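> need a structure here:
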Amino acid sequence: MKNLKKTGRRWWQSLIAPVVVFGLLVWLLAAGTGYFKKVSGEQGMILTEQAIRKAVLQCYAVEGMYPSKLSYLTEHYNLKVDEEKYRVGYDCFASNIMPEISVFER
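Okay, the predicted model is just below:
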């Protein structure tokens, strides 16, 4: 009888360490996934803003004026913006002044 109690305790004690380690690994995986999602979202906003600036500068180089609306770039310069993911602020004061461009996550 004495041997059965000792073996039962050792079995229970040996189960705790793997369960704790597994829980920590799951937590690290979840935390890492959240971090990479945040970083990729920020990177997507930067790339979207760069694409808009490139299209604006291309329009200015070809036509000699900055477009008054963002829709002009999507129609004539093949600019594509994921409007479900990002909100774009485009403020053009005059046709010879670079517009203010800002990209935000929805």
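
> list the buried residues for stretch 41-49?
By neighbour count on 16 or more other CB atoms under 10 Å, the buried set for stretch 41-49 is Met45, Thr48, Glu49. Where C-beta positions appear, they are placed from N, C-alpha and C, glycine not excepted.

> pLDDT at the last one, what is it?
In other words, Glu49. On pLDDT, Glu49 comes in at 93.

> distance check, the residue nearest the centre of the chain against Gly34.
Centroid-nearest residue in the chain: Gly41, 1.0 Å away (criterion: CA atoms, centre = their mean). To Gly34, Gly41 is 11 Å away according to CB to CB, to the nearest Å.

> give me the common contacts of these two.
Here Gly41 and Gly34 share no contacting residue, scored by CB atoms under 8 Å, 6 or more residues apart in numbering.

> list the contacts of the residue lying closest to Ile46 once chain neighbours are set aside.
Leaving aside its sequence neighbours, Ile46 sits nearest to Val103 (CB to CB, 6 or more residues apart in numbering; 8.0 Å). Val103 sits next to Met45, Ile46, Thr48, Glu49, Ile52, Tyr86, Arg87, Val88, Gly89 when contact means CB under 8 Å, 6+ apart.

> quick check, the last one in contact with Leu70.
No - between Gly89 and Leu70 there is no contact under CB atoms under 8 Å: 9.3 Å.
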